[in-house]
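>>> sequence plus predicted model, see below.
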Amino acid sequence: MFWLTRRHWLALTAWIIRLYVRIFRVDLTEAAEPNPGAYPSFNAFFTRRLRADARPLPSLPDAIACPVDGRVSQAGRIHHGKLIQAKGQHYSLEGLLGGDPSLAASFQNGLFATLYLSPRDYHRIHMPIAGRLRQTILVPGRLFSVNPTTVAGVPDLFARNERAICLFDTNAGPMAVILVGAIFVGSIETVWSGRLTPPRTQAIHVDDAGDGGASLSRGDELGRFNMGSTVILLFPAHSAHWEPHLQPGTAVHCGQQIGQLDHD
């Protein structure tokens, strides 16, 4: 899939993109380049930019902006080191974070939101709030599909799939933006490291940003999926709260207010 989506087949590529747009009802009027024939490869179309005015940010300075276009899979509080995967299913915070107990401790009793990106969605990921990159952790794993049916049927899916954990220092404390790989996700990229996968790794790889970590404002692009997947947000306890509308199944758009930071 990685190879196929990057081929330059000119007229064939344009035909495939037009077919995809029709099948998945993709709204190209929001794209910076609305002409399907202008994309040199399917991956260029899939990771297309939007118009600058397509996703305005919240007006409130303490608002948490949704990092992606997609749908809420689950959202809520982390209880006893567990996150909700689907109705009746939970998985481990420590497992999600690559088995690091000290990192998991920083998010105990905090907030999580799991956001699913479907094939029709915009596939770039943006910052929910301003932050400075502290660490990127690449955790090897499977590439199970992350559609709702599979999420409901595969135990511990998000702690088993390949994922890139992006840790930021923010005014609310640590924040994790976790990019979860899935079937057909041939590559996960960040703006500071470029392509993280492939190649696939056999061991957890930790990249400490040090004092030179990327400093990103709310709404800045932080990465992208090459084919669809899921983003999981983590905030520490007593740092923020989600908006009441952030319920499973709710459609969300990048830049939309999904929560607000709390202040003592």
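Nice, thanks for sending it over. Fair warning: this is a prediction, and the values are worked out from it, not measured in the lab. Numbers count the residues shown, from 1 in each chain.

>>> what's the single longest helix in the chain?
Longest helix in the chain, counting residues (DSSP state H): helix 11-24.

>>> CA atoms only for it, dumped as CSV, please.
C-alpha atoms of helix 11-24 as CSV (Å, rounded to 0.1, in the frame of the first residue of the first chain):
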residue,chain,number,x,y,z
ALA,A,11,-4.5,10.0,-15.7
LEU,A,12,-5.0,6.8,-13.7
THR,A,13,-4.2,8.6,-10.5
ALA,A,14,-6.8,11.3,-11.2
TRP,A,15,-9.4,8.6,-12.1
ILE,A,16,-8.7,6.7,-8.8
ILE,A,17,-9.0,10.0,-6.8
ARG,A,18,-12.3,10.9,-8.4
LEU,A,19,-13.7,7.5,-7.8
TYR,A,20,-12.5,7.7,-4.1
VAL,A,21,-14.1,11.1,-3.7
ARG,A,22,-17.4,9.8,-5.0
ILE,A,23,-17.4,6.6,-3.0
PHE,A,24,-16.5,8.2,0.3
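
>>> downstream of that helix, the next helix or strand is which one?
The first helix or strand that comes after helix 11-24 along the chain, using DSSP states H and E, is helix 42-46.

>>> what's that next one packed up against?
helix 11-24 (3 or more CB pairs under 8 Å, 6 or more residues apart in numbering; DSSP states H and E). For glycine as for every other residue, the C-beta is placed from the backbone atoms N, C-alpha and C.

>>> and with 10 Å instead?
In terms of contacts (3 or more CB pairs under 10 Å, 6 or more residues apart in numbering; DSSP states H and E), helix 42-46 is packed against helix 11-24, strand 221-226.

>>> off-centre distance for that helix?
18 Å (CA atoms, centre = their mean, to the nearest Å).

>>> after it, which helix or strand is next?
Next helix or strand after helix 42-46 toward the C-terminus (DSSP H and E): strand 63-65.

>>> whichever helix or strand comes after that following strand pairs with which strands?
Counting by DSSP H and E, the element after strand 63-65 in chain order, helix or strand, is strand 70-77. Within its sheet, and counting by DSSP bridges, strand 70-77 is paired with strand 111-116 (antiparallel), strand 251-252 (antiparallel).

>>> so for strand 70-77, what gets flagged as buried?
70, 71, 72, 73, 74, 75 (16 or more other CB atoms under 10 Å).

>>> need the contact list for the residue nearest to the fourth one when sequence neighbours are not counted.
Put plainly, it is residue 73. Nearest non-adjacent residue to residue 73, counting by CB to CB, 6 or more residues apart in numbering: residue 114, 4.1 Å away. Residue 114 makes contacts with 70-76, 83-86, 146, 151, 158, 178, 180, 230-233, 248, as judged by CB atoms under 10 Å, 6 or more residues apart in numbering.

>>> now do stretch 29-41: everything it contacts.
Residues contacting stretch 29-41 (CB under 10 Å, 6+ apart): 4-11, 13-21, 26-28, 44-55, 69, 122, 253.

>>> how close does residue 35 get to residue 45?
10 Å (CB to CB, to the nearest Å).

>>> oh, that last question was meant for residue 58, not what I typed.
With distances taken as CB to CB, residue 58 is found 29 Å from residue 45.

>>> cool, residue 22 as well?
13 Å.
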